[in-house]
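>>> Sequence and computational prediction follow.
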Amino acid sequence: MKKIDLNPVIHERTRLQILTMFLQTEKLSFNEIKTTLGISDGNLASHLRILEREGYIKVEKTFVNRRPRTYYSLTEKGKKEFLEYLSQLEAFLKEISNIKGSQKEE
């Protein structure tokens, strides 16, 4: 079996969940992400900073009824890297499935 080399930035559980949310919705507010994942402000902010630093998400700050609102969306780089991650993971799981299937036949 060959070694799988998954992107460590994406492979972290919370960041994986955040990126998965963007496959379903183009733009999400900080509070939408926080509520969905059930994590603290500080924890979420830390993960979002990492994703932004890597160029996977972009930040849009605006005001709604004079209150600040922060929105996040997936960049083209983020989408490309995430889809590549999913492709690598899928190939790895197929390889494991093939190994298990051949072991059952023996």
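Structure's in. What do you need? The model shown is predicted, which means the values in this text are computed figures rather than measured ones.
>>> how much space between the residue nearest the centre of the chain and N98?
Closest residue to the average C-alpha location of the chain: L19 at 2.5 Å, with Cα atoms, centre = their mean. To N98, L19 is 27 Å away according to Cβ to Cβ, to the nearest Å. To be clear about C-beta, it is placed using only N, CA and C from the backbone, and glycine gets the same treatment.
>>> now the helices for the chain?
Secondary structure of the chain (DSSP state H): helices located at 8-11, 13-24, 30-37, 41-53, 76-105.
>>> If you drop the residues flanking it in sequence, what lies closest to the residue nearest to the centre of the chain?
Using Cβ to Cβ, 6 or more residues apart in numbering and skipping the chain neighbours, the partner closest in space to L19 is F82 (4.9 Å).
>>> How many neighbouring residues does the one you found have?
By other Cβ atoms under 10 Å, 20 other residues sit near F82.
>>> What separation do you get for it and R67?
In terms of Cβ to Cβ, F82 sits 31 Å off from R67.
>>> same thing with Q17?
Q17 is 26 Å from R67, by Cβ to Cβ.
>>> Settle it for me: which of these two has more neighbours?
Shown here are Q17 and R67; by other Cβ under 10 Å, Q17 has more neighbours (14 against 7).
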